[in-house]
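Let me see the structure of the following:
(one chain, ligands or ions: 1)
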Amino acid sequence: MRTGAILTALLVAAPALAITIDAEAYKSPAVTQAGAGLYAEHCASCHGARLEGQTDWQLRDPDGYLPAPPHDETGHTWHHPTLQLFEITKYGTEQVVGGGYKSNMAGFGSLLSDDEILSILAFIKSTWPRQIIDHHDRLDAAYGNR
Ligand code: HEC
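This next block holds a predicted model:
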């Protein structure tokens, strides 16, 4: 979708990050349990307790803001490599997209450590069906770490 294309185009120019993505993290019960707790605390109020997102999440409101998309397989979280999801979560969509883009997805960089953000993303990934996990593994392998 259009937002995805904009994000992909702009993220190429994003500053380098010193994180390493563990491709196996979603298989670790310790990591995903920690991530699930943090998700419930910080993310579920908008993205849904069952990762279902907000109603009519593809439609902007009259002020131009998008509702929170689902993080389950019906959304487009899995269309983005882990590094992009990390950048969105840490810095917020307005900063990542730039150009005056308006978004209610604020950055969590002052509330959550890099490892905590990665554990939430690992938890989200652990809920996806096998073929979506496989697709996402291939995306991550192509996009890599920075
Ligand atoms: C106040 C509501 C709110 C909270 C809380 C929130 N989000 Fe969001 N999130 C949004 C909205 C709204 C969007 C869509 C932003 C846009 O495209 O303008 C979004 C988008 C995203 C995206 C991009 C998804 C995609 O498919 O493009 C990711 C990743 C994300 N959020 C992760 C998180 C995580 C992880 C947390 C918890 C740490 C969180 N969000 C908490 C509202 C929220």
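
Downstream of the helix-or-strand element of the chain with minimal mean pLDDT, the next helix or strand is which one?
Comparing every helix and strand of the chain by mean pLDDT, DSSP states H and E singles out helix 2-11 as the least confident one, with a mean of 56. Downstream of helix 2-11, the first helix or strand assigned by DSSP states H and E is helix 29-42.

so what does that following helix touch, helix or strand wise?
helix 114-126 (3 or more Cβ pairs under 8 Å, 6 or more residues apart in numbering; DSSP states H and E). Heads up, the C-betas are built off the backbone N, CA and C, glycines and all.

Can you list the helices and strands that the helix it packs on packs against?
In terms of contacts (3+ Cβ pairs under 8 Å, 6+ apart), helix 114-126 is packed against helix 29-42, helix 82-91.

dump the residue contacts of the residue nearest the centre of the chain.
Centroid-nearest residue in the chain: L85, 3.4 Å away (criterion: Cα atoms, centre = their mean). Taking Cβ atoms under 8 Å, 6 or more residues apart in numbering, we find L85 in contact with 77, 121.

now it: how far from D56?
Noted for L85: a distance of 22 Å to D56, by Cβ to Cβ, to the nearest Å.

pLDDT on stretch 99-118, on average?
The average pLDDT for stretch 99-118 rounds to 97.

residues making contact with stretch 102-116?
The contact list for stretch 102-116, computed with Cβ under 8 Å, 6+ apart, reads 19, 34-35, 38, 42, 46, 63-66, 68, 86, 88-95, 97, 117, 120.

does the ligand sit close to stretch 111-130?
Yes - part of stretch 111-130 sits near the ligand under the criterion Cβ under 6 Å from any ligand atom, namely I120.

Give me the neighbour count for K27.
Residue neighbour count, defined by other Cβ atoms under 10 Å, stands at 13 for K27.
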